[in-house]
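Asks: Attaching a predicted model along with its sequence, questions to come.
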Amino acid sequence: MTQTQATEESQAMPELPEVETTCRGIAPHVIGKKIRSVEVRQPQLRWPVSTELAQLLPAQKFTAVTRRGKYLLLHCKPGTLMIHLGMSGSLRIVETRNPPSYHDHVDIAFSNGSVLRYTDPRRFGCMLWISGDPLAHKLLRSLGPEPLGEDFHDDYLWQKSRNRKIPIKAFIMDSKVVVGVGNIYANEALFLAGINPRRAAGRVSRERYHALSVAIRQVLAKAIKAGGTTLRDFTNSDGQPGYFKQSLHVYGRASQPCQQCKTPLKEIRMGGRSTVYCVQCQK
DNA sequence: CAGCGCCCCTGCCCGC
DNA sequence: TGCGGGCAGGGGCGCT
């Protein structure tokens, strides 16, 4: 991996497309492979990593790798390993002999000599063991629909937003409304739909919710498709996040001219998050 | 319930 | 050049 790629990757926040790419990327390397050992070098993530993993997982095989929102679910017979990548986390397949670096917090080693390695400099991620139905877990049971699923559409958003006074941006970033819409894609989708991020969710018309639902699907699907092109090199960890593959219209472009009307883009902070929009094109 | 602000943590950037 | 302070950011959680 070149220095340039390492730098870009360290800045990459795992949004839903990156999590989906990770899900697809690790699946063939971990499903059906016998687990030999688990090493937790740094258990202090968002919540402590259970030391029981080292006893529970060896001799097991992951039977499936699925995703719910930005949570990755590695299923095996006695339970499910739930992983969130937080802001700076990543999962890679490496060789056993590959020595861990400072931020490589967890290794799950397989009998074939490969290792599933969890890396997370900022440690906002988590790795939790769930025995029983993972979808009934506290962190998953109240989540809204998947943005690329059939339950997510304009009528759903419109119904859900009645009498809501919170800004539309906060509304679509609320995981109880819809999962996986992070700050970058919320900014982008609102620009594409022509909606001011501060507009109250309850004051967005049905027609504009149609445009918004289409925009959300579009930016996420496009990024996942872009991520898919790097899948074959997943183990070499040279994949770049999907949003580098598509032009960002507003995110990170504060004070630069709007690509539609040339008006300088405005940046405000909403809930502590950078919010960039065009005062002319987004009402 | 709805809405809002805090906080976990480190890398990066800026100013002196 | 080196160092310290400020800040960003996902999202659960506690408080109003």
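Replies: Sure thing, it's come through. What you are looking at is a predicted structure, and each value in this text was computed from that prediction instead of being measured.

Asks: For DNA strand B, what is the nearest residue in chain A?
Replies: Closest residue of chain A to DNA strand B, C-beta to the nearest atom of the strand: A:K165 (3.2 Å). Bear in mind the C-beta positions are built from the backbone N, C-alpha and C, glycine included.

Asks: Am I right that that residue is in a strand?
Replies: No - if the criterion is DSSP: H, G, I helix; E, B strand; the rest coil, then A:K165 is coil and not within a strand.

Asks: Setting aside sequence-adjacent positions, which residue approaches it most closely?
Replies: If the residues on either side of it in the chain are set aside, A:K165 comes closest to A:A200, at 5.1 Å by C-beta to C-beta, 6 or more residues apart in numbering.

Asks: Contacts only, for the one you found.
Replies: Contacts of A:A200 were listed using C-beta atoms under 8 Å, 6 or more residues apart in numbering, and they are A:R164, A:K165, A:I166, A:P167, A:I168.

Asks: swap in A:T51?
Replies: Under the criterion of C-beta under 8 Å, 6+ apart, the neighbours of A:T51 are A:V40, A:P43.

Asks: ok, it to A:Q44 distance?
Replies: As for A:T51, its distance to A:Q44 is 12 Å (criterion: C-beta to C-beta, to the nearest Å).

Asks: do the same with A:H137
Replies: Relative to A:Q44, A:H137 is positioned 21 Å away (criterion: C-beta to C-beta).

Asks: who's more crowded, the two?
Replies: The neighbour comparison of A:H137 against A:Q44 (other C-beta atoms under 10 Å) goes to A:H137, with 16 against 10.

Asks: pretty sure that one is touching A:L81, no?
Replies: No - no contact is recorded between A:H137 and A:L81 when judged using C-beta atoms under 8 Å, the distance being 11.9 Å.

Asks: which residues are in contact with both of those two?
Replies: Contact criterion C-beta under 8 Å, 6+ apart; residues bridging A:H137 and A:L81 by contacting each: A:L128, A:I130.

Asks: In terms of pLDDT, where does A:G242 sit?
Replies: On the pLDDT scale, A:G242 is placed at 57.

Asks: oh, I was asking about A:N236
Replies: The confidence metric pLDDT takes the value 44 at A:N236.

Asks: do A:K33 as well
Replies: Note on A:K33: pLDDT of 98.

Asks: And for it, the neighbour number?
Replies: For A:K33, the neighbour count with other C-beta under 10 Å is 18.

Asks: hmm, back to that, tell me, how many residues neighbour the residue of chain A closest to DNA strand B?
Replies: Under the criterion other C-beta under 10 Å, the count of neighbours that A:K165 has is 10.

Asks: again, but for A:K138
Replies: 7.

Asks: same check, this time on A:L73
Replies: The local packing of A:L73 (other C-beta under 10 Å) involves 20 other residues.

Asks: What's the ChimeraX line that selects buried ones from the contacts of A:A200?
Replies: Buried residues within the contacts of A:A200, as defined by 16 or more other C-beta atoms under 10 Å, are selected in ChimeraX through the command that follows:
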select /A:164,166,167,168
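
Asks: With pLDDT added, can I get the contacts of A:A200 in TSV?
Replies: Listed next are those as TSV, based on pLDDT from 0 to 100:
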residue	pLDDT
A:R164	94
A:K165	93
A:I166	93
A:P167	94
A:I168	95
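
Asks: Tell me the gap between the helix or strand harbouring A:F62 and the middle of its chain.
Replies: When elements are defined using DSSP states H and E, A:F62 is found to belong to strand A:62-68. In terms of C-alpha atoms, centre = their mean, to the nearest Å, the centre of strand A:62-68 is set 15 Å apart from its chain centre.
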